[in-house]
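Visitor: generate a structure from the sequence data that follows.
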Amino acid sequence: MSRYLLIAVATAAITGLLSWLLGRSKPAEQTATTGRITPTKWIAWATVFGGVVMAAGGIALIVMTVRDGAAGVGLGIGLALMGLAIGGFMLPSLGRWHDVT
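Guide: Modelled structure (predicted):
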């Protein structure tokens, strides 16, 4: 199996899994007329964790390519920046930023 086909299948599987998990995630129903609605935090935690792992992988790729003198520093920088952006933009969801009162 070629490497590109494996990457495509893994990407489709991860996207399908996230789609299935998000489809099952429903807000809790409340009977009261006042209060605070807080979204579930597990998707936010998973996304922040994924961003941190992606950023760490990018930094490791930068370090390995610079040390060995190989090409790929640009890929590592892009991966690290994308991971930091994904984790950083989802970080406010862990607090009370998206609560509705």
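Visitor: contacts, neighbours, all on C-alpha from now
Guide: Noted.
Visitor: what packs against the host helix or strand of Phe89?
Guide: Element membership for Phe89 (DSSP states H and E) is helix 73-90. Packing partners of helix 73-90 (3 or more Cα pairs under 8 Å, 6 or more residues apart in numbering; DSSP states H and E): helix 42-68.
Visitor: for the spatially most central residue of the chain, what are its contacts?
Guide: Nearest to the mean C-alpha position of the chain, by Cα atoms, centre = their mean, lies Thr47 at 3.1 Å. Shown in contact with Thr47 (Cα atoms under 8 Å, 6 or more residues apart in numbering): 86-87, 90.
Visitor: return the item of these having minimum pLDDT.
Guide: In terms of pLDDT, the least confident member of the contacts of Thr47 is Met90, at 88.
Visitor: now the contacts of Thr47 as CSV including neighbour count?
Guide: What follows is the contacts of Thr47, written out as CSV (neighbours: other Cα atoms under 10 Å):
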residue, neighbour count
Ile86, 19
Gly87, 23
Met90, 18
